[in-house]
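1. predicted coordinates and the sequence they were generated for:
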Amino acid sequence: MKKIAIAALLLSVFQTVTAQDRVITTGVPFLLITADARAAGMGDMGVATSADVFSQQYNPAKYAFSPYKHGFSVSYTPYLTSIANDISLGQVTYYNRFNERSAFAASLRYFGLGDIGLTDNQGNELNTVSPNEFAVDLSYSLKLDEQFSMGIAGRYIRSNLKIATDNVDASAANSFAVDVAAFYQSEEFAMSDFNARYRLGLNLQNMGPKISYDGDVERSSNFLPSNLKLGGSFDFILDEYNKISAVGEVNKLMVPTPEKVTPVDLNGNGNIEPSEVNTAYSEANQRYRSIGWVSGMFKSFGDAPDGFGEEMKEFTWALGAEYWYQESFAFRAGYFNESVEKGARKFATIGAGFKYNVVKVDVSYLFSTSNVKNPLENTLRFSLSFNFGDSYDDL
């Protein structure tokens, strides 16, 4: 049963859909899983929402607008709860806005696949392994003026999923990546019946060398999930007690699209043999893996085999809203959409938050609306955060 569970896990984690040849897959996809319950309650959005402790994963430039000097958070996300109870994603984050213009942050994200009992071909128990992946982030953000900031993050990534055999070692794969982010937050301004504020955010995430378990970067490496996030939000400040934020975001993997494979009748007998199909796919895969990670990012914006229409299908989009009452109680909802031909993730989310003094608790829940099962379907996500120290008057 453990082997079946792991196979199902890999299919879900790598977002593979059997009937689709050009779904983009990457290594270490856990980097894209939303780790905190606030963003999860709004359709997995965070690049242009108000600054909070969780900004490290979405837009580190937001930390320069944090309303408090310090913040700390702990998040827990169960994963694939329908087939296992020991697979989860955890994250801890700390930030320090050490002056009016600057802030730094650090975080650790850990994805554990639980304990897996290994057996030999005869079914005899051998030993137990615990595959895992983690990433350590450091970021710095700086206000360039009163409304605009930029941020940069560095990330060390370690993936320890390889299981040792008699002929293969279990060395982990390592890589590093950087994020470059920007954030704009307007001043509060008056509308006819309420005050308002808007925000814009941009983040180029996970830009770094491909990751490989055996060191053969050209033939057996995987692209990191380099990602473009772009979004905006608008606050309806109805009065001193009630505020509603509307949020929208688009994402695109900056990873090349697999080419369209057309098997060729190599032996000229008029039929496409299985071996000729395998040869065509093998050669296409080799060409794909030979693409460099830098050229791959630029290539990703214009390489879809079916042209502009297919390229647009590689963008995901999400819409959401957040309501705050007295800055103490929050209610959230969101919707996320991905093209059926590019992974078919479609889901609705709801969430809530409670803030008392320096402590804030968030929870969210996901409903899949796609025929493709979501590994986070019917899962509660929890986040606990603390904000303390001097406050800043950016709001």
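-> Great, that's in hand. Numbers count the residues shown, from 1 in each chain.

2. distance of the residue lying farthest from the centre of the chain from residue 281?
-> Largest separation from the mean C-alpha position in the chain: residue 269, at 47.8 Å (Cα atoms, centre = their mean). Applying Cβ to Cβ, to the nearest Å, the value for residue 269 to residue 281 is 20 Å. In this view, the C-beta of every residue, glycine as well, is placed from N, C-alpha and C.

3. count of neighbours near residue 189?
-> 10 (other Cβ atoms under 10 Å).

4. if you could redo that for residue 137, that was the one I meant.
-> Neighbour tally, residue 137, other Cβ under 10 Å: 22.

5. now do the contacts for residue 180.
-> 150, 151, 152, 203, 204, 207 (Cβ atoms under 8 Å, 6 or more residues apart in numbering).

6. what secondary structure does residue 302 sit in?
-> Secondary structure state of residue 302, per DSSP: H, G, I helix; E, B strand; the rest coil, is coil.

7. pLDDT value on it, please?
-> Residue 302 is assigned a pLDDT of 90 by the prediction.

8. burial check on the nearest residue to it once chain neighbours are set aside, number of neighbours?
-> Distance criterion Cβ to Cβ, 6 or more residues apart in numbering; nearest residue to residue 302, sequence neighbours excluded, is residue 311 at 6.7 Å. Look at residue 311: counted by other Cβ under 10 Å, it has 17 neighbours.

9. show me where the stretch 251-395 of the chain dips below the pLDDT cut-off.
-> 264-268, 270, 273, 393-395 (pLDDT under 70).

10. how about the helices of it, start to end?
-> 274-289, 293-299, 308-313 (DSSP state H, counting those that start in this stretch).

11. pull the CA atoms of the first one into PDB?
-> Taking Å, rounded to 0.1, in the frame of the first residue of the first chain, the C-alpha atoms of helix 274-289 are listed here in PDB:
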ATOM      1  CA  PRO A 274       6.000   1.200 -30.700                       C
ATOM      2  CA  SER A 275       9.800   1.400 -30.800                       C
ATOM      3  CA  GLU A 276       9.600   4.400 -33.200                       C
ATOM      4  CA  VAL A 277       7.100   6.100 -30.800                       C
ATOM      5  CA  ASN A 278       9.500   5.500 -27.900                       C
ATOM      6  CA  THR A 279      12.400   6.800 -30.000                       C
ATOM      7  CA  ALA A 280      10.600  10.000 -30.900                       C
ATOM      8  CA  TYR A 281       9.700  10.700 -27.300                       C
ATOM      9  CA  SER A 282      13.100   9.900 -26.000                       C
ATOM     10  CA  GLU A 283      14.800  12.300 -28.500                       C
ATOM     11  CA  ALA A 284      12.300  15.000 -27.700                       C
ATOM     12  CA  ASN A 285      12.900  14.600 -24.000                       C
ATOM     13  CA  GLN A 286      16.700  14.800 -24.500                       C
ATOM     14  CA  ARG A 287      16.300  18.000 -26.500                       C
ATOM     15  CA  TYR A 288      14.100  19.400 -23.800                       C
ATOM     16  CA  ARG A 289      16.500  18.600 -21.000                       C
END
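
12. circling back: drop anything exposed from the contacts of residue 180.
-> 150, 151, 203, 204, 207 (16 or more other Cβ atoms under 10 Å).

13. same list (those) but as JSON lines, adding secondary structure, pLDDT and distance to residue 254.
-> Listed next are the buried ones among the contacts of residue 180 as JSON lines, based on DSSP: H, G, I helix; E, B strand; the rest coil; pLDDT from 0 to 100; distance: Cβ to Cβ, whole Å:
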{"residue": "150", "secondary structure": "strand", "pLDDT": "97", "distance to residue 254": "19"}
{"residue": "151", "secondary structure": "strand", "pLDDT": "97", "distance to residue 254": "18"}
{"residue": "203", "secondary structure": "strand", "pLDDT": "98", "distance to residue 254": "11"}
{"residue": "204", "secondary structure": "strand", "pLDDT": "97", "distance to residue 254": "7"}
{"residue": "207", "secondary structure": "strand", "pLDDT": "97", "distance to residue 254": "7"}
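
14. from the residues you listed, pick the one nearest residue 130.
-> Proximity of the buried ones among the contacts of residue 180 to residue 130 (Cβ to Cβ) peaks at residue 207, which lies at 29.7 Å.

15. run through the bridge partners of the closest one.
-> In this entry, residue 207 is beta-bridged to residue 178, by DSSP bridges.

16. so the residue nearest to residue 302 sits against residue 299, correct?
-> No - assessed by Cβ atoms under 8 Å, residue 311 is found out of contact with residue 299, at 11.3 Å.

17. what pLDDT, on average, does stretch 38-55 get?
-> Mean predicted lDDT for stretch 38-55 stands at 95.

18. just say helix, strand or coil for residue 117.
-> Under three-state DSSP, the three-state class of residue 117 is strand.
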